[in-house]
Structures are given as structure tokens and as C-alpha cells.
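Engineer: Sequence first, predicted coordinates after that:
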Amino acid sequence: SDYELFSNGARILTEFETENHPRKYYVYSKDDPLTNLELPVQHNIIGLLYHTTEGEMVDFTPGNNEDLQRRGHWLMAYVSKEKKYNYVIDRFGQIYRIVRDDHASIHAGHSIWSDEKYTYVGLNESFLGVAFETNTQPNAVAQITEAQIVAGRQLTAILRSLYKIDDANCTTHGLVSISPPTM
């Protein structure tokens, strides 16, 4: 089948699903970062990291339906080829699984996050990347649609339930991204 259907009404399309490499990372204790040398390699999903695709957009109007669908299809093919995110929610609110959940996608760059117990470095390995097809630059055409908000809530509920993700570990890329030279 080309999709999975969930009890909350979410439908996850799998047409562009691909693999990367299995998750593998270390955690650092907030109390004593050097104790990570004694901790085993981790594989579980710790959180959700939300993104925007920031691509070129066209107006979301009926006259642009063909162009919207063509660009959306191109976007899914591109992020699948590049293994960019685990999920993408298009402008129509359709949820696409891109990189399998048990595999890392390349979405977080230089990043760091801490919860109550641990610090995580390089969130590609420990967080699922969820991207909304939109552009948030000043004067951009697009914004997140109501359908995307509904789909984002459904997907978040599914993933938090499946992987026991704490609410505090659901954040945006802008809050975790760091510049290595300036930290």
C-alpha cells in the first residue's frame, strides 16, 4: 500500500519513503557531561524537530493547482533523494514519510538540545525531522495552511504516542541550531 491510516484520521503517504542509516548517538549527562563515556550507544527517538522547506512558492489559488502539484511532487522527490527529513507536510495537508523512522535524516545540521536529564548533540540521529512545505522569509508568498496545522497536530500525536516523546522535546530548528565558530 502507498499509505498508512491512523485512528486519529491521519494518513501517512509512503510513495517517497527511503532509507538512510540506522540511528546511533551518545547522550551527555547534564550533571556531568564526561559520564557519556560510560553510557551505551542510543538508538531511540528522543524528540521532534520542526522545519520549513523554504523553497520557491506559488500562490495557493485554484488557478495554480497544476503548478502546486508539480512543485510538490518535485519537492518530495528531492527531499527523498537527499534524505532531508523524516516527514514533510505539503500545502494541502498531506503527510509524507520520507526517511524511515528508525533511520536518521539529514535535517538538523550543527545542533544541540537539552531536556531534564541529558544533552543531545547533532540532532539528526536523535530527533525526527518534520518539515512544512512553506516559505517564512519576509515578503514570501506562502504561509503554513490550516490543513498543514491540522496534519501537523495529527502527526505529532502519532509520533509522541509511538515513541513516548516528551512534550518538551518537540521544538523548532531555529531553537537548536548553532554556529560552530561562535557557539
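Structural biologist: Perfect, I can see it now. Residues are numbered from 1 along each chain as shown.

Engineer: give me the low-pLDDT residue ranges for the chain?
Structural biologist: 33-39, 140-142, 182-183 (pLDDT under 70).

Engineer: Please repeat the previous calculation with a cut-off of 80.
Structural biologist: 1, 30-40, 56-58, 60, 135-142, 179-183 (pLDDT under 80).

Engineer: all helices in it, in order from the N-terminus.
Structural biologist: Secondary structure of the chain, counting by DSSP state H: helices at 65-82, 146-163.

Engineer: CA atoms only for the last one, dumped as CSV, please.
Structural biologist: I take that to be helix 146-163. C-alpha atoms of helix 146-163 as CSV (Å, rounded to 0.1, in the frame of the first residue of the first chain):
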residue,chain,number,x,y,z
GLU,A,146,-4.8,25.4,8.1
ALA,A,147,-4.6,21.9,6.6
GLN,A,148,-0.9,21.7,7.5
ILE,A,149,-1.7,22.7,11.1
VAL,A,150,-4.3,20.0,11.4
ALA,A,151,-1.9,17.4,9.8
GLY,A,152,1.0,18.6,11.9
ARG,A,153,-1.1,18.1,15.1
GLN,A,154,-2.2,14.6,14.0
LEU,A,155,1.4,13.6,13.1
THR,A,156,2.8,14.9,16.3
ALA,A,157,0.2,13.0,18.3
ILE,A,158,1.0,9.8,16.5
LEU,A,159,4.8,10.1,16.9
ARG,A,160,4.7,11.2,20.5
SER,A,161,2.5,8.2,21.3
LEU,A,162,4.6,5.7,19.3
TYR,A,163,7.9,6.8,20.7
